[in-house]
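1. Sequence plus predicted model, see below.
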Amino acid sequence: MHRLSAKKHARADAKKRVRNRHRKVTLRTAIKNTELALESGDVEKSQELTKQTFSLLDRAAGKGVIKKGTANRQKSRLAQKLNSLSA
């Protein structure tokens, strides 16, 4: 690999690292807020936050920020909590 090309890759990787870190932090915050809403017992708020969190999880998995199985596992756990709250 040429020297110039390696520098370009390093710059691109640094940008990707920052972007992926932001996505992960946003994701963790969304999951935490959803779990707090589930614990508080507010069904409507929990449903709305769960829907938004599912979207973020799917998007992160699609972009390769997290693995697909990890996203599915987290979605499943949130869905179980939501279903037990609704029942």
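-> Yep, it's here.
2. Now do the buried residues in stretch 36-54.
-> Within stretch 36-54, the residues that count as buried by 16 or more other Cβ atoms under 10 Å are 37-38, 46-47, 49-50, 53-54. All C-beta spots, glycine's among them, are computed from the backbone N, C-alpha and C.
3. ok, so of those residues, who is nearest residue 24?
-> Closest approach to residue 24 among those (Cβ to Cβ): residue 53, at 13.4 Å.
4. same for the host helix or strand of that closest one, what does it pack against?
-> With elements taken from DSSP states H and E, the one containing residue 53 is helix 43-63. Packed against helix 43-63 by the contact rule (3 or more Cβ pairs under 8 Å, 6 or more residues apart in numbering; DSSP states H and E) you find helix 3-40, helix 68-86.
5. thinking again about what came up before, list just the nearest of the buried residues of stretch 36-54 to residue 11.
-> Of all these, residue 53 has the smallest distance to residue 11: 32.2 Å, by Cβ to Cβ.
6. Touching, residue 30 and residue 54? I think so.
-> No: when contacts are counted by Cβ atoms under 8 Å, residue 30 is not listed as touching residue 54 (9.6 Å).
7. Could you dump the buried residues of stretch 36-54 into JSON lines and include pLDDT and distance to residue 80?
-> JSON lines is the format used below for those (pLDDT from 0 to 100; distance: Cβ to Cβ, whole Å):
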{"residue": "37", "pLDDT": "96", "distance to residue 80": "15"}
{"residue": "38", "pLDDT": "96", "distance to residue 80": "10"}
{"residue": "46", "pLDDT": "96", "distance to residue 80": "12"}
{"residue": "47", "pLDDT": "96", "distance to residue 80": "14"}
{"residue": "49", "pLDDT": "97", "distance to residue 80": "15"}
{"residue": "50", "pLDDT": "97", "distance to residue 80": "11"}
{"residue": "53", "pLDDT": "98", "distance to residue 80": "14"}
{"residue": "54", "pLDDT": "98", "distance to residue 80": "13"}
